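Trainee: sequence-free structure coming up:
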């Protein structure tokens, strides 16, 4: 859904023939009807700051909500999504980028979560609402640390599964924010 919202924004900005505000409104109405069940479920609504980690599923829902809010300039929803992203990075990503994991399956799901956080952080940055300067280094460290762990003796079968997440992180941190990424060099 996040990708569909970004694509709709591109079509609108390009003034693509046959694509207008009515199409945007229809997409958002459809998304809210279909995804509203997910957004209202106890699992999706469990944004508890005392919880040590958020699942990649919750982060995917957050990313979708964020991109739909950006598409229609819903400042209330955008504020909520921005606050939740900050809370997740603050409470789930350690100061050195550490995230809990136990086995290769968890390792892959943590990478999915990092990819969603990266996509959401980039969307907020482009909307002029970037992460706090204290949180950006945590996310950068998470990308580098987990990229370095893929294929190690502890996780031999877990490759780096975020082909777009890694490149997006390099563009976000090294390109836009001019922050070094030694693991990407």
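Mentor: Received the coordinates, thanks. Because the structure is a prediction, the values reported are computed rather than measured. Numbering: from 1, shown residues only.

Trainee: any low-confidence regions in the chain?
Mentor: 36-54, 100-106, 150-166, 181-185 (pLDDT under 70).

Trainee: helices of that one, start to end?
Mentor: 2-13, 21-40, 56-72, 75-92, 104-126, 136-149, 163-169 (DSSP state H).

Trainee: dump the ones you listed to JSON lines, plus mean neighbour count.
Mentor: The C-beta positions use only the backbone N, C-alpha and C, and glycine is treated the same way. Formatted as JSON lines, these follow (neighbours: other Cβ atoms under 10 Å):
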{"stretch": "helix 2-13", "mean neighbour count": "16"}
{"stretch": "helix 21-40", "mean neighbour count": "13"}
{"stretch": "helix 56-72", "mean neighbour count": "22"}
{"stretch": "helix 75-92", "mean neighbour count": "17"}
{"stretch": "helix 104-126", "mean neighbour count": "21"}
{"stretch": "helix 136-149", "mean neighbour count": "20"}
{"stretch": "helix 163-169", "mean neighbour count": "17"}
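
Trainee: could I get the contacting residues of residue 71?
Mentor: 5, 8, 9, 12, 24, 27, 28 (Cβ atoms under 8 Å, 6 or more residues apart in numbering).

Trainee: hang on, the earlier thing: ok, which of the helices of the chain comes nearest residue 179?
Mentor: Between residue 179 and these, the tightest spacing by Cβ to Cβ is seen for helix 136-149, at 6.2 Å.

Trainee: show me what the closest one is packed up against.
Mentor: helix 75-92, helix 104-126, helix 163-169 (3 or more Cβ pairs under 8 Å, 6 or more residues apart in numbering; DSSP states H and E).

Trainee: distance to residue 34 for those helices - can I get that in a markdown table?
Mentor: Shown next, in a markdown table, are the helices and strands packed on helix 136-149 (distance: least, Cβ to Cβ, whole Å):
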| stretch | distance to residue 34 |
| --- | --- |
| helix 75-92 | 16 |
| helix 104-126 | 19 |
| helix 163-169 | 24 |
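
Trainee: to residue 147, which of the ones you listed lies closest?
Mentor: Judging those by Cβ to Cβ, what sits closest to residue 147 is helix 163-169, at 6.3 Å.

Trainee: export the helices of the chain to CSV and append columns for distance to residue 180.
Mentor: Formatted as CSV, those follow (distance: least, Cβ to Cβ, whole Å):
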stretch, distance to residue 180
helix 2-13, 27
helix 21-40, 37
helix 56-72, 25
helix 75-92, 19
helix 104-126, 17
helix 136-149, 9
helix 163-169, 12
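
Trainee: now for the ones you listed, which one comes closest to residue 178?
Mentor: Closest among the helices of the chain, using Cβ to Cβ: helix 136-149, at 11.4 Å.

Trainee: right, I'll call it a day here.
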